[in-house]
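Chemist: My questions concern the predicted model and sequence given below.
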Amino acid sequence: MTRSSRKCIAICCHGFLGEPGMLKEIEATLNEDPFDQIYDLVSNLSYYSSKYGINFTQPYDLKTPIFKNDSNQSLAYHFFLQICSIIKDYNEEVDLDIYAHSMGGLVTRSMIKYLSEEKNNSVWIKNGLIRNIFLLGTPNHGTRLAQHAINIPVDILMTGMNILLELPDEVTSEDLQILNSQFIQMIPNSFFLKRLNQPSKNLEESINWITVRGLRWIGQLGWLPMVWQPFLFRKFWIDRHFPFLHVGVIPNDGLVDASRVPLKYATNLTVPSATHMSLLYWKSKKSGKLVLKLLKPIILDRKI
């Protein structure tokens with residue numbers, strides 16, 4: 001293991017409707033041996049403005065886009081400001097590794113693509129050199145779940161979210177803005193994703209990109225997937241040998257299609273036994289420990 005002469009900071013970033021506590025096992029792991037020999041600081045951030053990621057009275061809520069060209073009211077810009085705030089406490093240049101889950105990976109990629117600086121064939125956030133980006137279950141090419149969610153009658157969707165997430169009483173099905181930003185941007189082939197996935201040689205080659213996907217959907221969020229999985233992740237095809245219509249469930253981790261996670265220029269890893277959330281459980285879940293086992297040599301391989 002060769003340690004860079006600069007300070008090294010790990011940034012943890014949650015996903016849609018998330019909060020920093022969801023990455024607490026990753027944060028704790030990175031603060032322990034041997035990773036504490038790598039990282040001088042592990043910071044677990046939220047790009048939302050409230051503890052649970054939902055606050056309809058604040059600027060950074062579900063109506064806020066992941067990124068929008070003509071506005072600073074975006075999750076990527078909020079995340080950018082938070083990282084800048086951490087970096088400014090260091091007088092010297094620092095190295096940055098970012099661990100992002102699910103939609104947090106799209107927030108991270110947007111921040112890097114649109115808000116970072118390129119100098120000397122490297123990519124920087126202020127005086128922080130971006131080294132490694134770990135994308136855990138990130139729908140880099142969209143998610144079928146978002147595509148189908150916007151087809152659900154809004155009153156049913158809002159009623160369900162009120163029950164599950166205890167939204168404020170004043171929020172009703174008339175507040176259609178909930179479906180106008182983050183949901184829309186995560187739909188496969190959305191304008192946002194088409195722009196985000198346009199090739200950028202320097203970004204692709206100057207940063208070490210790693211994606212990790214799971215293939216297990218049974219057990220994700222209890223029994224609910226038994227209802228939504230065959231419907232939301234269905235695939236129809238005709239058997240040419242027999243005149244029958246067949247229906248199957250495409251590979252997914254419970255929330256994201258497995259085929260929509262990998263990037264052509266990244267190191268793409270798969271943990272078949274992992275669900276969307278167990279990708280984060282590096283201490284308490286067997287599949288999470290497998291994720292750590294795959295990533296450990298990459299994390300420890302520090303090159304000057």
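Modeler: That came in fine, so what should we check first?
Chemist: Quick check: phi and psi on the closest residue to Ala146 other than its chain neighbours?
Modeler: For Ala146, ignoring the flanking residues on the chain, the nearest one in space by Cβ to Cβ, 6 or more residues apart in numbering is Met186 at 4.0 Å. C-beta: built from backbone N, CA, C; applies to glycine. Here the main-chain torsion angles of Met186 (degrees, to the nearest 10) amount to phi -90, psi 0.
Chemist: same thing with the one 4 residues further on?
Modeler: Here is the backbone geometry of Ser190 (degrees, to the nearest 10): phi -70, psi 160.
Chemist: List the residues that contact it.
Modeler: 142, 184 (Cβ atoms under 8 Å, 6 or more residues apart in numbering).
Chemist: Next, give phi and psi for Asp253.
Modeler: phi -100, psi 10.
Chemist: now the helices: where do they sit in the chain?
Modeler: 24-30, 75-87, 103-115, 144-149, 154-165, 182-185, 191-196, 201-206, 225-232, 286-300 (DSSP state H).
Chemist: The longest one - what's its average pLDDT?
Modeler: The one in question is helix 286-300. Taken as a whole, helix 286-300 carries a mean pLDDT of 97.
Chemist: Return the distance of that helix from the chain's centre.
Modeler: Offset of helix 286-300 from its chain centre (Cα atoms, centre = their mean, to the nearest Å): 17 Å.
Chemist: buried residues in that helix?
Modeler: Buried positions in helix 286-300, judged by neighbour count with 16 or more other Cβ atoms under 10 Å: 287-292, 295, 299.
Chemist: picking up where we left off before, tell me how many other residues crowd the residue nearest to Ala146.
Modeler: 26 (other Cβ atoms under 10 Å).
Chemist: Show the model's pLDDT score for it.
Modeler: pLDDT recorded at Met186 is 90.
Chemist: Next, the contact list for it, please.
Modeler: Taking Cβ under 8 Å, 6+ apart, one finds 16, 66, 103, 106, 139, 142-143, 146, 193 in contact with Met186.
Chemist: The helices of the chain: which one's closest to Asp97?
Modeler: Of all the helices of the chain, helix 286-300 sits nearest to Asp97, with 7.4 Å by Cβ to Cβ.
Chemist: Mind giving me the packing neighbours of the closest one?
Modeler: strand 128-136, strand 208-214, strand 267-271 (3 or more Cβ pairs under 8 Å, 6 or more residues apart in numbering; DSSP states H and E).
Chemist: Thanks a lot, see you next time.
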